[in-house]
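Peer 1: Provide a 3D model corresponding to the input given below.
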Amino acid sequence: MPQDKKTAEKAIEASGIVTLTTDFGLGDHYVGAVKGVIAGIAPGIRVIDISHGIPAHDVAEGAFAIAQAWRYFPPGSVHVVVIDPGVGSSRRALAAAAGGHLFVAPDNGVLSQVFEQEPNRELRAIDLRHGLAPVSRTFHGRDLFAPVAARLASGMEFAQVGPPLDDPAMLPPSAPRNGAGRVLHVDGFGNVVTSFRRGDLPTGGRVRLGNLIVSEWADTYADAPGAAPFLIAGSSGYVEVSVNRGSAASLAGVRAGAEVSAI
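Peer 2: Reported below is the predicted structural model:
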C-alpha cells in the first residue's frame, strides 16, 4: 500500500485534542483511568469521547465508529481506538498518520475503514518504552495507548513512536461485491446501515435484508409511512434500511455483520 512517509510526518501539527473510542462502557473505572494518564502527562490536552459503547470485543463496530467520526475533528487530532480482545498477546500496537490526523490502536483491523478512506498513510509499531512502567498485560488502553496519545498531542514527532510498519491487520473490505454487502452498523434507533453507497444501487434498486425485501425510498424519515421499511441515504454516506419511528433491525431480525443483497 503506498505511503508518503515524509509528507505524513511534516503535514501533521498537534491540535491538542485526543479522542477516545472504546468498548469499555461507563460502569467501570477504565475510561477514567485512561483520562487520568493523559492528564498526568499532558495537563493541557482536551479529551473528547467519541463512544465507549462499542459492543465488547467488536472490532468491526469500532472500525465503523472511528471511520464516521474522525474527519469532524481539527487536523492534528489524535484518536485513541481501543477495542482489543487480543490485549497482552503477540498482536502489535499501531500508530498511524493519515488524512492529517494521528491514530493509536491495537493492530487488529480496528482502523481498517480509516485506511480504506486514506490509503496514503504512515504506519509505525509502537515501542513499549513509551508506555507506563510496567505495561499491564490486560490494560494497554491505560498503560500504552494513552501515554503515546498524550505525547503525540503534546508535539512528540511521529517518527519517534517506533519502527515503520507496512502490513497492518485489515478486516474484510467494507465495499459490497457482486451485489452482496453486509450490515455495518445498527444505530440506537434501529436504523440498519448497509455497506451499499447510493451509487451502488440502480434507480429503483431493492435490497434483501433478513426476512425483508425493501424497495421503497424516502428522502427523509418523516416522508416515509409508519411501520413500513424503506431505504434512505444516511448521513454516513451509506444506504440505510429504516422504519419511521420504529426499528428496522428488529423488523428484519438482523444485527451488524448480517448479509444484505442488492436484487
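Peer 1: got the residue ranges for the helices in the stretch 151-263 of the chain?
Peer 2: With DSSP state H, counting those that start in this stretch as the criterion, the stretch 151-263 of the chain has helices at 248-252.
Peer 1: Where do the strands of it begin and end?
Peer 2: 180-186, 192-197, 207-209, 212-214, 229-233, 238-243, 259-262 (DSSP state E, counting those that start in this stretch).
Peer 1: could you redo the ones you listed as JSON lines and give each row mean neighbour count, mean pLDDT and distance to A133?
Peer 2: (Each C-beta comes from the backbone N, C-alpha and C, glycine too.) Shown next, in JSON lines, are the strands of the stretch 151-263 of the chain (neighbours: other C-beta atoms under 10 Å; pLDDT from 0 to 100; distance: least, C-beta to C-beta, whole Å):
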{"stretch": "strand 180-186", "mean neighbour count": "21", "mean pLDDT": "96", "distance to A133": "38"}
{"stretch": "strand 192-197", "mean neighbour count": "24", "mean pLDDT": "97", "distance to A133": "42"}
{"stretch": "strand 207-209", "mean neighbour count": "21", "mean pLDDT": "96", "distance to A133": "50"}
{"stretch": "strand 212-214", "mean neighbour count": "18", "mean pLDDT": "95", "distance to A133": "54"}
{"stretch": "strand 229-233", "mean neighbour count": "21", "mean pLDDT": "96", "distance to A133": "50"}
{"stretch": "strand 238-243", "mean neighbour count": "25", "mean pLDDT": "96", "distance to A133": "43"}
{"stretch": "strand 259-262", "mean neighbour count": "18", "mean pLDDT": "95", "distance to A133": "47"}
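Peer 1: any chance of those in CSV, plus distance to A63?
Peer 2: Shown next, in CSV, are the strands of the stretch 151-263 of the chain (distance: least, C-beta to C-beta, whole Å):
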stretch, distance to A63
strand 180-186, 9
strand 192-197, 12
strand 207-209, 21
strand 212-214, 25
strand 229-233, 21
strand 238-243, 14
strand 259-262, 17
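Peer 1: Relative to its centre, which residue of this structure is most distant?
Peer 2: In the chain, the residue that sits farthest from the middle, by C-alpha atoms, centre = their mean, is P225; the gap is 32.4 Å.
Peer 1: Run through this structure and note the low-pLDDT ranges.
Peer 2: Along the chain, segments meeting pLDDT under 70 span 1-11.
Peer 1: Kindly report the domain assignment for it.
Peer 2: For the chain, automatic domain parsing gives the domain ranges 5-160, 180-262.
Peer 1: Select, out of those, the one closest to P168.
Peer 2: domain 5-160 (5.8 Å; C-beta to C-beta).
Peer 1: Distance of L94 relative to S51?
Peer 2: Remark: distance between L94 and S51 (C-beta to C-beta, to the nearest Å) = 19 Å.
Peer 1: One more: G62?
Peer 2: 9 Å.
Peer 1: if I look at these two, which residues touch both of them?
Peer 2: Contact criterion C-beta atoms under 8 Å, 6 or more residues apart in numbering; residues shared by G62 and S51: T21, T22.
Peer 1: Same drill for these two, tell me which one is more crowded.
Peer 2: G62 (29 against 18; other C-beta atoms under 10 Å).
Peer 1: Looks to me like the more buried one is in a helix.
Peer 2: Yes: the assignment for G62 is a helix, going by DSSP: H, G, I helix; E, B strand; the rest coil.
Peer 1: Apart from its neighbours in sequence, what residue is nearest it?
Peer 2: I83 (3.7 Å; C-beta to C-beta, 6 or more residues apart in numbering).
Peer 1: was I right about the one you found contacting G53?
Peer 2: No: between I83 and G53 there is no contact, the gap being 11.2 Å when judged by C-beta atoms under 8 Å.
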